[in-house]
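J.: model this:
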Amino acid sequence: MATVAEPSKEAFINLLSQINENEFHDFDAFVRSALDEYHGQLHHHGDDNAEDIEMEDHDGSFQPVNDLKMVRLGRIIKELRTKLPLSAEAPEEKTMIPDSEEFKDFTEKNTVHVDGFLFSEEDVDEICDEGKLSRNYCLDCQSRNVAPLNFISHSASVLQLQFLYQVALADKTKGKVIVDVGSRLGAVLYTGYLFTAAKKLIGVEINDWFCNLQRDMAKKYKMDDRIEVVSKDIQQVPELLQQADIVVMNNVFQFFNDLSTQQKIWKYIRTETMKKPGLLLVTLPSLQEQLKEAGLSQKLLKGWVKEVKLNYEAGWFQDIHEDELEEIRQVHLYKIL
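T.: Residues are numbered from 1 along each chain as shown. Alright, predicted model coming up:
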């Protein structure tokens, strides 16, 4: 877990000690505003040339999920762990580390794929304690000269999915069609089935092995009445984007396609979704960030989407720590204009 440097903590505490009770409320408001601005800059990668896009506030709805549904989800996760390696990669699956500033220090040697849907941070800690996984790698085969490994997940975490369905889409899924582009293990589909009254949940996945896995799981857990899996490249089935009321995309192109292919797909997604005004688009991370990583202009956002401003810090979930807060800040909601 990342920690704040001790000198920074001490400096902040010293600053707090200088503020009297009458000034504290104004200072608290200032700090919260400054942090919101800082996080906004992070999501935009500090891009001073980013296009301003239209915004609207989220309505603040929240959809509870009962414990029985969480237990059922836990059973699905437990079984998926028996069917997949720790990396949760399909046999002979090929991924690539993006050639971008964000991943400039990532290499095959120092990067580990651990699926965020199957394994929480606590799970990873336990696996490391058991000696099945390490958080560090040797720089020169000398045991004391080690560096932290980089961890990558190709699935949304359970917490991100809870935020997606319980907060972002809380009152927007009943009777709707949800399409998950790059459905992989089926995480968005299973949680959507359990957490919502969506009419249909359609996973579009190019990898046949993952498609068969999703179909088997949906059938075994009696979810195939509302879950459908399509074994296609999303570019081959534009009709699914027209059928959808909600489209979900969890960083689906960056680790699997070169830049020119990513650019082509994003332009296709823009063209096809613009044919259906009002369609909701969920991305992890933000569209702004993903377009930039694909080498595309932020001008593509203009006339395409309006962002729904989500409140990540409203205490939706109990005992959430800063790392988990950063997880849910990756969830962004847009409305097609």
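
J.: please make it C-alpha for all contacts and neighbour counts, starting now.
T.: Will do.

J.: mind giving me the domain ranges of this structure?
T.: Listed by automatic domain parsing, the domain ranges of the chain are 56-68+156-336, 69-152.

J.: mean pLDDT lowest for which of those?
T.: Lowest mean pLDDT of the domains of the chain: domain 69-152, a mean of 72.

J.: assign residue 248 to helix, strand or coil.
T.: Using DSSP: H, G, I helix; E, B strand; the rest coil, the structure places residue 248 in strand.

J.: what's the neighbour count on it?
T.: 23 (other C-alpha atoms under 10 Å).

J.: was I right to think it contacts residue 287?
T.: No - counting by C-alpha atoms under 8 Å, residue 248 stays clear of residue 287, with 11.6 Å between them.

J.: just name the most buried of the domains of the chain.
T.: Among the domains of the chain, domain 56-68+156-336 has the highest mean neighbour count (mean count of other C-alpha atoms under 10 Å), at a mean of 18.

J.: ends of it, what's the gap?
T.: Taking C-alpha to C-alpha, to the nearest Å as the measure, domain 56-68+156-336 stretches 12 Å from start to finish.

J.: sorry, back to before: how about the domains of the chain in a markdown table, adding distance to residue 12?
T.: Below are the domains of the chain laid out as a markdown table (distance: least, C-alpha to C-alpha, whole Å):
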| stretch | distance to residue 12 |
| --- | --- |
| domain 56-68+156-336 | 17 |
| domain 69-152 | 28 |
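
J.: ok, which of those comes nearest residue 10?
T.: Nearest to residue 10 among the domains of the chain is domain 56-68+156-336 (18.3 Å), distances taken as C-alpha to C-alpha.

J.: now the residue nearest to residue 336 when sequence neighbours are not counted. Its backbone dihedrals?
T.: In this structure, residue 336 finds its nearest non-sequential neighbour in residue 305, 4.5 Å apart by C-alpha to C-alpha, 6 or more residues apart in numbering. When read as degrees, to the nearest 10, the backbone of residue 305 gives phi -130, psi 160.

J.: now for residue 305: which residues touch it?
T.: By C-alpha atoms under 8 Å, 6 or more residues apart in numbering, the contact list for residue 305 reads 53, 54, 334, 335, 336, 337.

J.: what do you get if the cut-off is 10 Å, keeping everything else the same?
T.: Neighbouring residues of residue 305 by C-alpha atoms under 10 Å, 6 or more residues apart in numbering: 53-55, 270, 273-274, 277-281, 287, 333-337.

J.: ramachandran coordinates for the spatially most central residue of the chain?
T.: Centroid check for the chain by C-alpha atoms, centre = their mean gives residue 284 as the closest residue, at 3.7 Å. Here is the backbone geometry of residue 284 (degrees, to the nearest 10): phi -130, psi 120.

J.: any idea how far it is from residue 130?
T.: 31 Å.

J.: roughly how far apart are residue 175 and residue 204?
T.: Going from residue 175 to residue 204 by C-alpha to C-alpha gives 20 Å.

J.: likewise residue 334?
T.: Distance, residue 334 to residue 204, by C-alpha to C-alpha: 20 Å.

J.: what's the answer for residue 56, then?
T.: Computed as C-alpha to C-alpha, the residue 56 to residue 204 distance reads 29 Å.

J.: residues in contact with the residue lying closest to residue 253 once chain neighbours are set aside?
T.: Spatial nearest neighbour of residue 253, chain neighbours left out: residue 262 (6.1 Å); criterion: C-alpha to C-alpha, 6+ apart. Shown in contact with residue 262 (C-alpha under 10 Å, 6+ apart): 252, 253, 254, 255, 256, 268, 290, 291, 293, 294, 295, 296.

J.: name the SS class of the last one, please.
T.: Just to be clear, that refers to residue 296. Three-state call for residue 296 (three-state DSSP): coil.

J.: my read: it touches residue 266, true?
T.: Yes - in this structure residue 296 lies within contact range of residue 266 using C-alpha atoms under 10 Å: 8.8 Å.

J.: list phi and psi for the residue nearest to residue 253.
T.: phi -60, psi -40.

J.: same check, this time on residue 219
T.: Phi and psi for residue 219, reported as degrees, to the nearest 10, are phi -70, psi -50.

J.: what sits against it?
T.: 225, 227.

J.: how close does it get to residue 76?
T.: Remark: distance between residue 219 and residue 76 (C-alpha to C-alpha) = 12 Å.

J.: got it, and residue 329?
T.: Computed as C-alpha to C-alpha, the residue 329 to residue 76 distance reads 25 Å.
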